[in-house]
Structures are given as structure tokens and as C-alpha cells.
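Colleague: Turn this into a structure:
(one chain, ligands or ions: 2)
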Amino acid sequence: MEIVVFGAGSLGSLVGGLLARERAHDVTLVARRDHADAVRESGLRVEGELEARVDPTATTDGRELAADVAIVTVKTADTAAAAEALATGSFDAVLSLQNGMGNEETLAGALDAPVLAGTASYGAIRREPGVVECTGLGEVVVGARGGGSSHLADRVGRTFAAAGLETAVADDMPRRLWEKLAVNAGINPITALADVDNGAVLERAAIEVARVTARETARVARACGVDLSDRDAVAAMEAVATDTAANASSMRQDVRAERRTEIDAINGYVVDRADERGLEVPANRTLTALVRSWERARGLR
Ligand SMILES: NC(=O)C1=CN([C@@H]2O[C@H](COP(=O)(O)OP(=O)(O)OC[C@H]3O[C@@H](n4cnc5c(N)ncnc54)[C@H](OP(=O)(O)O)[C@@H]3O)[C@@H](O)[C@H]2O)C=CC1
Ligand SMILES: CC(C)(CO)C(=O)C(=O)O
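Modeller: Ligands and ions are numbered 1, 2, ... in the order given. A predicted model of the protein is given here:
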């Protein structure tokens, strides 16, 4: 398969690197200049939980590309710009592996190609130009963004699995996206604001905040017509906090690097959907306000 990875930073370099192993697929990374130059000069090194040395094509120009599938791995604030660039190209399918909500809608609004939904629970950090570390093994889940079966999702899922990525094809993507949202809503802002590893969310008072946040998210999901119980949302959040106990969440990494976070697409999304339906979500509202204050104070919004 010909595969474009748009936004090859941490996750995109890991997924693109794994797909390029043994030249299984023809992978093009769309990356920033330093990373693209390093990959062109010396290839891409995957280290950590998985190891590989691969030679994908690398470019800084995401316009007018063509491939079987484009995988979008930019941060949520960059999705609209990614969609605009991808709209100049030609793809059989476009797949978002981003966290947060609204990415698929943004992509679908700008693109003629069908847009698939996805989640990734692999952990990745781009350590230096040309080098990405896999900080945790996980799974990629792909499926039709509205739920149901999809031949395209089956094809993309088979491609990922054949390249050795742990992959599932799901017919309940709306529920899975809301469950992942509950996980990120519970873990990310707490770890970012308290500057702690994911495992600390399970301790003392933090766990109550994380549980309430996940429950509120599940209630809003149900109001949006998605069958996610409070119990499943809390269980998913606690399982991920346990499995990734030693990880620094992506929002904590953003705060440490003084970058704008994905709060708008995570807790902020829960607040917006709750407001539309007259629901109270005080934990999500408080966490959103705190992270936004931090961003505002640094001129990031
Ligand atoms: N990292 C992880 O372990 C996981 C991440 N995710 C999700 O995946 C998404 C990506 O996260 P992550 O990989 O950590 O983020 P990164 O910031 O590491 O990667 C995104 C990369 O895309 C680059 N980029 C943005 N726009 C363009 C463009 N137009 N052309 C070329 N490059 C571009 C960014 O550059 P710049 O920074 O200069 O803008 C950055 O290098 C997020 O939604 C995150 O929540 C999900 C699961 C795990
Ligand atoms: C699953 C989790 C919480 C892992 O750190 C994540 O998705 C993130 O950090 O954004």
C-alpha cells in the first residue's frame, strides 16, 4: 500500500516507521524540516519497546500527494490545516489516529475521500530528528466514523496488522471515541496541571476527580446517543492509567514544552456538548478553565 502519514511527530513517526518495516508498504512522512531532513539523510530509527531502522520517504510539503491512505497524526489544533493540504491530493481513504473529538468531522468537511475514525494506544515520543521512541505497546483501532462495517476500514486494518501493528477493526467507533475521550478527559488535564505521571491519577484525591470527569463524559456521550456507561468509562480510564502508569501524558508533555494543549478537543468538547444539552459537567468545566488559563497566561491562545 502507498501510505502518507500527515504530521510525523511522535505518533506518526512510530506508526509510519512500523508500517515501513521490511518495506512492507511505501510510506511517506509529512514532517517538519529537521525531522524530514534527518529521515532523508539517515533513515528513521524506532527505539524503546520496539526497534526498527527504516527508510520512508520524507517531505515537508503535504500538498498534492497521492496514496491509498493518508493517516492524520497532527495535534487537534492543526487538523483544519492538515485537511486543507490533504484536499489538494488524492487518497482512497483518510484515517485520523488523533485524540480528542471533532477531527473526523473537520477532515470530512474538507475532503472528498472517505474519512475513517481511529484510536491509538501506543505511546510515542519523538526524541530527536530521525529518532522516535516507542514508550508503550498498545493497539490501533479503526472503523467507520459513524459506526457499522466498512470495507475500507477492513482493508486498512489488514494493512496495519500485516505490518505487525496490534490492530482491531471495530463497528462501534462512536462509542470507542467517546470511551477514549473519557480516558483522556480523566487523565490528561490532571497529569498536566499536577505535573505527575499517569499512575498518580489513581492515588488519593486525584482518583475522585478523574472518576467524576470520566462519569460526566459518559453522561454527555449518552445524551449524544452513544451507549457508554459510567462504569465502562471509569473502568477504561483506570485501566489506561494503570497500563501507562509511568507515562507522561501528551497534555503534560505539551505543558512542559510550553505548547498549546488539546484541551479544547478533550474536556472542552465535553463542556460544549453538555452546554448544548443543558447538562452540568463541573469537573470538566473546571479542568478546561484551568488549562485554558495556563495557555492564556503564556500567550498560547
Ligand atoms: N504521542 C503519543 O503517544 C500519542 C498521541 N496521540 C494523539 O496523536 C496526535 C499527535 O500526537 P503527537 O504525535 O504526540 O504530536 P506531535 O506534536 O509529536 O506530532 C505532530 C507533528 O505534526 C507536525 N505538523 C503539524 N502540522 C504540520 C504540517 N502542516 N506539515 C508537517 N508537519 C506538521 C508537528 O510539528 P509542530 O510541532 O512544529 O507543529 C509535529 O511534529 C494527537 O492528537 C495526540 O493526542 C494518540 C495516542 C498516543
Ligand atoms: C492514553 C494516554 C493517556 C497515554 O498517556 C494518552 O492518550 C495521552 O497521553 O494523550
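Colleague: can you list the residues of the stretch 101-250 of the chain near ligand 2?
Modeller: Residues of the stretch 101-250 of the chain found near ligand 2 (CB under 6 Å from any ligand atom) are 121, 183, 184, 187, 188, 198, 240, 244, 247, 249, 250. Heads up, the C-betas are built off the backbone N, CA and C, glycines and all.
Colleague: Output the below-cut-off pLDDT ranges for the stretch 51-200 of the chain.
Modeller: Under the criterion pLDDT under 70, no range of the stretch 51-200 of the chain is flagged.
Colleague: Can you say which two of the residues of the stretch 101-250 of the chain next to ligand 2 are spatially most distant?
Modeller: The span of those, defined through CB to CB, is set by 121 and 188 at 13.7 Å.
Colleague: The two: who's more crowded?
Modeller: In terms of neighbours (other CB atoms under 10 Å), residue 188 is the more surrounded of residue 121 and residue 188; the figures are 30 against 16.
Colleague: Excluding chain neighbours, give the residue nearest to the more buried one in space.
Modeller: residue 251 (3.8 Å; CB to CB, 6 or more residues apart in numbering).
Colleague: ok, that neighbour to residue 259 distance?
Modeller: Here residue 251 is placed at a distance of 10 Å from residue 259 (CB to CB, to the nearest Å).
Colleague: go on, residue 102?
Modeller: For residue 102, the distance to residue 259 equals 19 Å [CB to CB].
Colleague: Give me the more crowded residue out of these two.
Modeller: Ranked by neighbour count (other CB under 10 Å), residue 102 and residue 259 place residue 102 first, with 18 against 15.
Colleague: my guess is the more buried one contacts residue 76, does it?
Modeller: Yes - using CB atoms under 8 Å, residue 102 is in contact with residue 76, at 7.2 Å.
Colleague: what residues are up against the residue of the stretch 151-300 of the chain found nearest ligand 1?
Modeller: The nearest approach of the stretch 151-300 of the chain to ligand 1 comes at residue 250, 4.5 Å away (CB to the nearest ligand atom). Each residue near residue 250 by CB atoms under 8 Å, 6 or more residues apart in numbering is listed here: 99, 188, 262.
Colleague: these two touch, right, the last one and residue 102?
Modeller: In other words, residue 262. No - between residue 262 and residue 102 there is no contact under CB under 8 Å: 10.5 Å.
Colleague: Tell me which residues of the top helix by length along the chain come out buried.
Modeller: Longest helix in the chain by number of residues (criterion: DSSP state H): helix 173-194. Of the residues in helix 173-194, 173-192 count as buried by neighbour count, 16 or more other CB atoms under 10 Å.
Colleague: Could you report the separation of the residue nearest to residue 188 from residue 78?
Modeller: As for residue 251, its distance to residue 78 is 16 Å (criterion: CB to CB).
Colleague: So the two - more neighbours on which side?
Modeller: Between residue 251 and residue 78, residue 251 has the larger neighbour count (other CB under 10 Å), namely 24 against 16.
Colleague: that's a helix at that one, yeah?
Modeller: Yes - assigned with DSSP: H, G, I helix; E, B strand; the rest coil, residue 251 falls within a helix.
Colleague: quick one: contacts for it?
Modeller: Counting by CB under 8 Å, 6+ apart, residue 251 has contacts 184, 188, 189, 191, 192, 261, 262, 263, 266, 291.
Colleague: try it again with 6 Å
Modeller: 188, 192, 261 (CB atoms under 6 Å, 6 or more residues apart in numbering).
Colleague: Looks like the last one contacts residue 252 (just checking).
Modeller: No - distance between residue 261 and residue 252: 9.2 Å, which falls outside the contact criterion (CB atoms under 6 Å).
Colleague: okay, the two: which has more neighbours?
Modeller: Neighbour count, other CB under 10 Å: between residue 261 and residue 252, residue 261 has more, with 29 against 23.
Colleague: Flag every residue of the stretch 1-150 of the chain that's near ligand 1.
Modeller: Residues of the stretch 1-150 of the chain found near ligand 1 (CB under 6 Å from any ligand atom) are 7, 9-12, 30-32, 62, 73-76, 78, 81-82, 85, 97-100, 120, 123-124, 126.
Colleague: Most proximal residue of the stretch 1-150 of the chain with respect to ligand 2?
Modeller: Ligand 2 sits closest to residue 99 of the stretch 1-150 of the chain, with a gap of 5.0 Å, by CB to the nearest ligand atom.
Colleague: Give me the three-state assignment for residue 4.
Modeller: Going by three-state DSSP: residue 4 is strand.
Colleague: Quickly note the distance from it to residue 94.
Modeller: Per CB to CB, residue 4 is found 9 Å from residue 94.
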